[in-house]
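Trainee: A structural model of the following input is requested.
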Amino acid sequence: MRATDEFRDRIHQTDTMQTLVRSLNEEPASLLDSICRRYESTGRPVADHYLQMTGFFADTMLRILSQASLVERRSGGRDSLLVYEPTTEGLELWKRMSSEDGS
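Mentor: So this is what the prediction gives:
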């Protein structure tokens, strides 16, 4: 085993790294859920100030959702700096995930 592989294995066994990896998987799903729920109830793009941005990588997660074409990020005009609107694909995926989770 290469030293680099040994290093990676070792750090991935730590609680902190496992929490980080879990967060990287869960934060985008949580943000997509927040955006889609709000969008479904209002029919309008979701203002940035509405989102609960509590995770360490929250801004990065929003960029990931945008780059994955699950949400569109646009200027919010005078009401907010940015607004987020789920794409058709984002809404469909969110609905499928919600039904799988039983929520």
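Trainee: Tell me which helix or strand in the protein has the weakest average pLDDT.
Mentor: Least confident helix or strand, the chain: helix 58-67 with a mean of 88, by mean pLDDT, DSSP states H and E.
Trainee: can you give me the mean pLDDT across whichever helix or strand comes after it?
Mentor: Downstream of helix 58-67, the next assigned helix or strand under DSSP states H and E is strand 71-75. The average pLDDT for strand 71-75 rounds to 93.
Trainee: Same check on stretch 20-27?
Mentor: 89.
Trainee: Next, find the distance separating the most centrally placed residue in the chain from residue 53.
Mentor: Centroid check for the chain by Cα atoms, centre = their mean gives residue 28 as the closest residue, at 1.8 Å. From residue 28 across to residue 53, the span is 13 Å (Cβ to Cβ, to the nearest Å). C-beta: built from backbone N, CA, C; applies to glycine.
Trainee: so what sits against both of these two?
Mentor: Common contact partners of residue 28 and residue 53 (Cβ atoms under 8 Å, 6 or more residues apart in numbering): none.
Trainee: Quick one: neighbours of the nearest residue to the residue nearest to the centre of the chain once chain neighbours are set aside, just the number.
Mentor: Leaving aside its chain neighbours, residue 28 sits nearest to residue 61 (4.7 Å; criterion: Cβ to Cβ, 6 or more residues apart in numbering). For residue 61, the count of nearby residues is 21 (other Cβ atoms under 10 Å).
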